[in-house]
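A.B. asks: Build me a structure from this.
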Amino acid sequence: MDAKQDAFRPGSPGRDVARRKGDTVATMTLAFHYNWRRPTKHNDKSMNQALTDISSRQTSRPSADALLQKAIEEPDLSWRILNTLNAFRLLIAAVLLVLFFASGDPRIFGDRFPTIFSATASGYLVFAIVSSISLRQRWAPVNVQAVTQTIVDITAIIVLLHTSGGISSGLGGLLIVFVGVGSLVLPMRFPAVLGAFATFAILGEQVFTQLSSAAALTNYPAAGLLSAVIFSMSLAVRPLSRRIQMSEALARQRGVDLKNLSELNEYIVQHLRESIVVVDSRDNVRLSNASAMQLLGASGSARGRPIRKVSGQLADYISLWRRDGSLSSHPEFTLITAGSNARITAHLAPLGRDGERDAPILIFLEDASLMNARVQQSKLASLGRLSASIAHEIRNPVGAMSHAAQLLAESAGLTDDDRRLTDIMQSHSNRVSHIIDNVLQLSRREISRPERLRLKPWLDEFASEFTRTLELQEGELAVASIPDELEVRMDRSHLRQVLWNLCDNAVKYASKTGGILVELEVGSLKGRGRDYLQVQDHGLGVDAATADKIFEPFFTEHSGGTGLGLYISRELCELNRATLLYLDRPGGGSIFRIVFSDPDRWDRLD
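C.D. replies: Modelled structure (predicted):
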């Protein structure tokens, strides 16, 4: 408990990492719930301009008057209302014509003056068609078209009403729709004028009907009630129109804010220090940044693709984690990419409630070599200080003891037991001296002198020397067929030291299975074209828990080992821009692979 509490105290590294990952999860959760657009590449100048535009648009909330003025200046809502109203106008004109010609005597509409009714309805239909074109092409401003169309509507409906028997025909109710909807898009003074015009038109039709000796068709109470409804509607609709326009402007402003937020989230995700991938419940990639795709060796955008097509190892572990409830809810595991053989540490963070395993998952990817490099820096710093002390305080006494043991062994009269003791003294003195040499070599980190070398003749010479030195039998060290023209670039002495250490380990640990068989093979990575040389044995292999630690300094599971051999080998490879990897051998045993850098690329860099 104390260790955990210390890790999350203010200022501690554990707390900083937790806070940093917590902020990333918050950003990712926000981004995951929006419809993300495809990321685009921007240079610094364009990105700064984009961020400036975003900040300029994300100002303080505009007032109601500002939103209304913005809605008036951008009358998209008004155009949509007029288009909808014109569609209704087309429908009414067409239906009236169909009812007129389809019905017999007496007709439903237009029975009093059939000729005038048919001509007016036909003209009204033509006007609706012309208005449709005018609204689409926007021949005139929205206010002009709204006033013109509403006046024509009132006039046409009054004529149709008069030719159909007056107010009792029911056509007057259409004026409520046309005047009410027209008032939604007009400035404050126009709705009252249109309402008054419709009122005088209805009452005027009644007076005209009475003067034309058709007093039986008049109905002043109904006409007055309809006029009152229309006029009240024209006055009441305007506040509603203001509210609708304000809501439209506010919705547009919210849309701009959401778009800005989406762009900002996209920028943040793409420039996070962490490499992240988000998969949904069906294991499809919903979100990823460029650094994650680079680590996984994937090309192009992975959005919408199954995670298995991006990384098979990652997909297998996610499937296992979803099925096996005994695994940790926030697990970590290490995978090796197929293209570059890089070691990647993946951390799974479920985004569902209460750690649901069928929910989307946020995956953090970290380059294990970078993490190990940070750890090794601190170890090397301590190692450097220790090496200076070792050189003066330990090396001289050990040399004196070794020399004294040699002199003692040359003395006459020593028994066999005494000679065995002197041999033990010399053996352990040499071992301590070897450890000191390794530590000093780490602290110096000599500069590499890489050169082009043909691998086949160099490897044949190395195999011959190694076989003679360790007195191996024929066939115990096998070299596979190597192309004569294959060239690599590396420091000869460094390559010899690394390969000697790997072969020596293979012989030492493979002999525990009852026989020695060490194989040297070469090949080329798929897709990358980088050549490699690997040492494989038929021994017991390395268990998964130990595989991540074998390259750490001073780590060993065997008595008599220093724990520095593999660590020094990897350091020497990195000095030559090569990589040393451990792989499990199918059927048992181990594979240590040296992945050389591209020699042509080295020439360009040099």
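
A.B. asks: Where does the prediction get shaky in the stretch 351-500 of the chain?
C.D. replies: By pLDDT under 70, the low-scoring segments of the stretch 351-500 of the chain are 369-374, 376-377, 379-381, 383-392, 431, 434-435, 438-447.

A.B. asks: At which residues are the strands of it located?
C.D. replies: Using DSSP state E, counting those that start in this stretch, the strands of the stretch 351-500 of the chain run over 361-367, 451-454, 477-479, 487-490.

A.B. asks: With respect to burial, which of those strands scores highest?
C.D. replies: Mean neighbour count (mean count of other C-beta atoms under 10 Å) peaks for strand 487-490 among these, with a mean of 22. All C-beta atoms are positioned from the backbone trio N, CA, C, and that covers glycine.

A.B. asks: from what I can see residue 462 touches residue 499, true?
C.D. replies: Yes: contact status for residue 462 versus residue 499: in contact at 6.3 Å, counting by C-beta atoms under 8 Å.

A.B. asks: Residue 84: neighbouring residues, count only.
C.D. replies: 11 (other C-beta atoms under 10 Å).

A.B. asks: who touches the residue lying closest to it once chain neighbours are set aside in this structure?
C.D. replies: Using C-beta to C-beta, 6 or more residues apart in numbering and skipping residues adjacent in sequence, the residue nearest residue 84 is residue 181, 7.9 Å away. Residues in contact with residue 181 (C-beta atoms under 8 Å, 6 or more residues apart in numbering) are 81, 84, 85.

A.B. asks: Residue 181 - that's part of a helix, no?
C.D. replies: Yes: per DSSP: H, G, I helix; E, B strand; the rest coil, residue 181 lies within a helix segment.

A.B. asks: how far away is it from residue 507?
C.D. replies: 93 Å (C-beta to C-beta, to the nearest Å).

A.B. asks: likewise residue 486?
C.D. replies: 25 Å.

A.B. asks: now do residue 399
C.D. replies: In terms of C-beta to C-beta, residue 399 sits 30 Å off from residue 507.

A.B. asks: Any regions of the stretch 151-300 of the chain where pLDDT drops low?
C.D. replies: If you take pLDDT under 70 as the line, the stretch 151-300 of the chain has these spans: 188, 213-217, 238, 241, 245.

A.B. asks: closest to residue 325 among the contacts of residue 181?
C.D. replies: Distances from residue 325 to these, taken as C-beta to C-beta, are shortest for residue 84 (55.6 Å).

A.B. asks: so who does residue 278 touch?
C.D. replies: So residue 278 contacts 28, 32, 285, 286, 287, 288, 351, 360, 361, 362, 363 (C-beta under 8 Å, 6+ apart).

A.B. asks: Could you report the pLDDT at residue 48?
C.D. replies: pLDDT, residue 48: 51.

A.B. asks: How about residue 97?
C.D. replies: 87.

A.B. asks: doesn't it fall inside a strand?
C.D. replies: No: applying three-state DSSP, one finds residue 97 to be helix, outside a strand.

A.B. asks: Just give the closest residue to it, not the sequence neighbours.
C.D. replies: residue 121 (4.9 Å).

A.B. asks: Helix or strand for the one you found, just tell me which one.
C.D. replies: Element membership of residue 121 [criterion: DSSP states H and E] is helix 114-137.

A.B. asks: residues making contact with that helix?
C.D. replies: 79, 82-83, 86-87, 89-90, 92-94, 96-97, 100-101, 107, 109-110, 140, 145, 149, 152, 156, 159-160, 163-164.

A.B. asks: Name the SS class of residue 278, please.
C.D. replies: Residue 278 ends up strand, using three-state DSSP.

A.B. asks: neighbouring contacts of stretch 92-102?
C.D. replies: So stretch 92-102 is contacted by 107-110, 114, 117-118, 121-122, 124-125, 127-128, 160, 174 (C-beta under 8 Å, 6+ apart).

A.B. asks: Pretty sure residue 347 sits in a strand.
C.D. replies: Yes: with three-state DSSP as the criterion, residue 347 is located in a strand.

A.B. asks: Spatially nearest residue to it, not counting backbone neighbours?
C.D. replies: residue 364 (4.3 Å).

A.B. asks: so that neighbour makes contact with residue 273?
C.D. replies: No: if you go by C-beta under 8 Å, residue 364 and residue 273 don't touch, sitting 10.6 Å apart.

A.B. asks: More neighbours: which of residue 399 and residue 507?
C.D. replies: More crowded of residue 399 and residue 507, by other C-beta under 10 Å: residue 507, with 19 against 14.

A.B. asks: what's near enough to touch that one?
C.D. replies: With C-beta under 8 Å, 6+ apart, residue 507 has these contacts: 470, 472, 476, 477, 516, 518, 537.

A.B. asks: ok, so what distance separates it from residue 394?
C.D. replies: Counting by C-beta to C-beta, the gap from residue 507 to residue 394 is 30 Å.

A.B. asks: do residue 555 as well
C.D. replies: Taking C-beta to C-beta, one finds residue 555 at 21 Å from residue 394.

A.B. asks: out of everything not next to it in sequence, what's closest to the residue nearest the centre of the chain?
C.D. replies: Among the residues of the chain, the one closest to the centroid is residue 288, at 1.9 Å (C-alpha atoms, centre = their mean). Setting aside the residues directly before and after it, residue 288 is nearest to residue 277 in space (C-beta to C-beta, 6+ apart), at 4.5 Å.

A.B. asks: Might one say that the one you found is in contact with residue 291?
C.D. replies: No: between residue 277 and residue 291 there is no contact under C-beta under 8 Å: 10.3 Å.

A.B. asks: hey, where'd the helices end up in the stretch 251-400 of the chain?
C.D. replies: Along the stretch 251-400 of the chain, counting by DSSP state H, counting those that start in this stretch, helices occupy 290-296, 307-310, 312-323, 368-393, 395-409.

A.B. asks: Please compute how far the last one lies from its chain's middle.
C.D. replies: Between the centre of helix 395-409 and the centre of its chain there are 64 Å (C-alpha atoms, centre = their mean, to the nearest Å).

A.B. asks: Not counting it itself, show me its contacts.
C.D. replies: 414, 419, 422, 423, 425, 426, 429, 430, 432, 433, 436.

A.B. asks: and the residue nearest to the fourth one when sequence neighbours are not counted, how many neighbours?
C.D. replies: By the measure of C-beta to C-beta, 6+ apart, the closest residue to residue 423 outside its immediate chain neighbours is residue 409, 7.5 Å from it. Summarising burial for residue 409: neighbours were counted as other C-beta under 10 Å, giving 15.

A.B. asks: Ok, residue 143 next?
C.D. replies: 15.

A.B. asks: Surely it forms part of a helix?
C.D. replies: Yes: using three-state DSSP, the assignment for residue 143 is a helix.

A.B. asks: domains for the chain, by residue range?
C.D. replies: 66-250, 272-371, 372-444, 451-605 (automatic domain parsing).

A.B. asks: I'd like those domains as TSV, with distance to residue 262 appended.
C.D. replies: Formatted as TSV, the domains of the chain follow (distance: least, C-beta to C-beta, whole Å):
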stretch	distance to residue 262
domain 66-250	19
domain 272-371	12
domain 372-444	34
domain 451-605	34
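
A.B. asks: Helices of the stretch 101-250 of the chain, start to end?
C.D. replies: Taking DSSP H, counting those that start in this stretch as the criterion, the stretch 101-250 of the chain carries its helices at 114-137, 142-163, 174-184, 189-211, 220-270.

A.B. asks: May I see these organised as JSON lines, with distance to residue 378 added?
C.D. replies: Supplementary listing: the helices of the stretch 101-250 of the chain in JSON lines, determined by distance: least, C-beta to C-beta, whole Å:
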{"stretch": "helix 114-137", "distance to residue 378": "72"}
{"stretch": "helix 142-163", "distance to residue 378": "71"}
{"stretch": "helix 174-184", "distance to residue 378": "72"}
{"stretch": "helix 189-211", "distance to residue 378": "78"}
{"stretch": "helix 220-270", "distance to residue 378": "30"}
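
A.B. asks: Much appreciated, bye for now.
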